[in-house]
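Novice: need a structure here:
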Amino acid sequence: MSVTENAADAAQMRSSFPIAFQLCNESGDEVLPIADDSSGQRVQLVIGNTARDTIQLQLKSDPQNNKANTKLYHFALIFRKGTLASSAISGALPEDPASWDGAWVEGVDTVTLYLLGLKETSIRPDTPLVIWLQDLSASSSQGTRVARVDLQYTNLVFHDDPRPEQPTVITGSRRSRITLLNQRGREHVPLHSGFATPGYVFNDGTSNSLTLRITNISPVPLPLSTDVSAPTKLLLAFEVAPEGQSVRDVDLANPAHTPWALADQDTVSKVTLTVAASDGGTWHAPGTPQLGEQAVWEVVYQGTQSFLAPGHSLHLTLSNIVTTLPPGYTNLYLRYQNIPHYWDGQFVYPIERRRRPQNFGRYLLGSPVLGAAGPFSAPIRTGGGKILLLISGTALIQGGGVAPVGPGGTFGGATTTQPENILVSLGSALSATIEIPASARATRTPFLGKLEFSGLQEGEQTLTLLKGPSVGLSINPPSIAIQHLDVIVLQLPS
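Specialist: Coordinates of the predicted model:
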């Protein structure tokens with residue numbers, strides 16, 4: 001399809017459906033609370049203009065009879081019965097009665113709020129219209145859930161209609177969804193949650209697993225809902241990238257690419273979830289997730305015991321996580337719903353996608369002697385970024401008669417009891433130090449240095465070992481004789 005055809009289709013879409021809408025709470029989330037008391041609950045109906053021309057409300061010619069009803073309105077919000085609290089189906093009205101009149105009408109399967117504008121109002125393409133509604137809350141009959149809401153619109157016209165005396169009336173309907181969220185009881189649930197395993201996955205295409213542990217830290221049992229119409233639920237979710245996206249082809253300028261995801265759709269479909277409860281409670285978890293922008297597992301409590309005892313835990317294990325997305329961080333979300341006497345809420349856990357430490361090689365470099373003869377150097381190959389060198393062997397400190405002793409300034413033949421140091425550099429990277437203990441003066445002593453270097457380019461580097469300066473003025477500078485010098489190069493996450 002050509003660019004011209006795409007533009008034509010988009011224009012046709014805008015002219016056919018020039019109105020979009022959202023029903024949001026005060027924070028702008030598409031959430032309607034299930035609350036103990038709906039008074040004071042403010043909800044905003046946000047109406048957007050997707051066309052290119054300004055839309056205006058047609059006002060009734062008789063200002064003395066401006067009452068919203070089934071035949072006279074500009075917008076109508078339609079809910080299925082059972083969605084709203086009974087108190088809302090009469091008390092929830094526009095906050096600004098001078099600008100908007102509202103009327104509720106109950107049908108067989110729906111309840112509708114008709115809204116009639118009383119003042120000249122324009123909806124510009126870049127400025128949505130916001131109508132605030134007060135005391136609107138959801139029914140608690142089925143707990144937390146997602147509900148459908150429809151918007152019908154009529155008696156609207158375009159500002160630049162070519163026939164202003166007989167303008168074309170804009171009519172239509174749109175559909176959206178809203179989450180009905182429990183906000184009854186206490187806001188904060190007494191659960192401690194976190195990873196029982198390391199909170200990272202390797203991004204080299206191998207299988208990983210993560211386990212979450214959720215524990216009741218209250219001294220009393222935590223209630224769980226056994227009501228089949230509104231059971232306690234846990235929703236585990238993370239972002240998903242388009243199929244086939246990998247560390248090699250991520251384009252940050254392409255909005256279709258999501259480097260903040262955990263994995264792509266193809267691999268996520270093979271991830272499995274298992275649940276284990278320390279108290280033996282029964283939790284049902286689907287084997288595979290629901291896939292969309294997020295992968296979501298809905299874990300439902302199906303036990304007969306209506307609580308989680310103090311100190312008891314749930315373990316949720318995600319297995320067969322495979323990703324090739326670039327190193328970075330993503331989030332794992334745990335949403336909890338229908339825990340009696342507590343608000344619904346969620347925990348967020350950062351997960352690191354990291355490179356697996358790679359062994360770029362092992363180098364057996366013989367038995368060099370570090371001292372007066374100068375440094376020892378050898379070429380080794382490394383990856384770029386940050387690497388870890390594991391340098392080991394056995395060392396014997398030789399020589400080292402030391403500084404003057406006694407009032408006459410004569411030289412003694414004793415040796416110092418101080419350790420010696422090996423200075424290590426890699427390419428142009430700053431040097432690090434390996435300490436050789438003083439015990440190596442008497443007997444050959446094993447040593448191991450774990451040295452990190454960063455900012456490296458991938459390729460061959462020169463490894464240099466040099467004996468560090470000794471303590472005191474020596475007449476016989478010591479040397480360090482190394483046997484079985486062993487160097488292992490590991491790639492670290494950047």
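Novice: where do the strands sit along the stretch 351-494 of the chain?
Specialist: Under the criterion DSSP state E, counting those that start in this stretch, the stretch 351-494 of the chain contains strands at 359-364, 369-370, 376-382, 385-398, 404-405, 410-411, 420-426, 429-436, 445-456, 459-467, 479-492.
Novice: nearest to residue 303, of these?
Specialist: strand 479-492 (44.7 Å; CB to CB). C-betas here are computed from N, CA, C, even on glycine.
Novice: hey, C-alpha coordinates of that closest one in PDB?
Specialist: Coordinates of each C-alpha in strand 479-492 appear next as PDB, following Å, rounded to 0.1, in the frame of the first residue of the first chain:
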ATOM      1  CA  SER A 479      62.700 -10.700  42.900                       C
ATOM      2  CA  ILE A 480      59.600 -12.800  42.600                       C
ATOM      3  CA  ALA A 481      60.000 -16.200  41.000                       C
ATOM      4  CA  ILE A 482      56.600 -17.400  39.700                       C
ATOM      5  CA  GLN A 483      55.800 -21.000  38.600                       C
ATOM      6  CA  HIS A 484      52.800 -22.100  36.600                       C
ATOM      7  CA  LEU A 485      51.600 -18.600  35.800                       C
ATOM      8  CA  ASP A 486      47.900 -19.100  34.800                       C
ATOM      9  CA  VAL A 487      45.700 -16.300  33.300                       C
ATOM     10  CA  ILE A 488      42.000 -16.800  32.600                       C
ATOM     11  CA  VAL A 489      40.100 -14.000  30.700                       C
ATOM     12  CA  LEU A 490      36.300 -13.600  31.500                       C
ATOM     13  CA  GLN A 491      33.900 -11.100  29.900                       C
ATOM     14  CA  LEU A 492      31.800  -9.200  32.400                       C
END
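Novice: got any ranges where the stretch 51-200 of the chain has weak pLDDT?
Specialist: Scanning the stretch 51-200 of the chain for pLDDT under 70 picks out 61-64.
Novice: hmm, back to that, reformat the strands of the stretch 351-494 of the chain as a markdown table; add mean neighbour count.
Specialist: Shown next, in a markdown table, are the strands of the stretch 351-494 of the chain (neighbours: other CB atoms under 10 Å):
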| stretch | mean neighbour count |
| --- | --- |
| strand 359-364 | 13 |
| strand 369-370 | 18 |
| strand 376-382 | 16 |
| strand 385-398 | 19 |
| strand 404-405 | 12 |
| strand 410-411 | 12 |
| strand 420-426 | 20 |
| strand 429-436 | 16 |
| strand 445-456 | 15 |
| strand 459-467 | 17 |
| strand 479-492 | 18 |
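Novice: which stretch among those strands comes nearest residue 351?
Specialist: strand 479-492 (18.2 Å).
Novice: starting at the chain centroid, how far to that closest one?
Specialist: 41 Å (CA atoms, centre = their mean, to the nearest Å).
Novice: report the angle between it and strand 459-467.
Specialist: 150 degrees (axes from the mean of the first three to the mean of the last three CA atoms, to 10 degrees).
Novice: now the angle from strand 479-492 to strand 359-364?
Specialist: 160 degrees.
Novice: let me see the mean pLDDT of strand 479-492.
Specialist: Averaged across strand 479-492, the pLDDT comes to 90.
Novice: mind jotting down where the strands sit in the stretch 51-200 of the chain?
Specialist: Using DSSP E, counting those that start in this stretch, strands in the stretch 51-200 of the chain cover 55-57, 75-80, 93-94, 100-106, 110-117, 122-123, 129-134, 145-158, 170-183, 191-195, 200-202.
Novice: make a markdown table out of the ones you listed and add mean neighbour count and distance to residue 282.
Specialist: Shown next, in a markdown table, are these (neighbours: other CB atoms under 10 Å; distance: least, CB to CB, whole Å):
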| stretch | mean neighbour count | distance to residue 282 |
| --- | --- | --- |
| strand 55-57 | 20 | 54 |
| strand 75-80 | 21 | 31 |
| strand 93-94 | 20 | 45 |
| strand 100-106 | 17 | 40 |
| strand 110-117 | 21 | 37 |
| strand 122-123 | 16 | 52 |
| strand 129-134 | 18 | 41 |
| strand 145-158 | 18 | 22 |
| strand 170-183 | 17 | 22 |
| strand 191-195 | 15 | 19 |
| strand 200-202 | 20 | 29 |
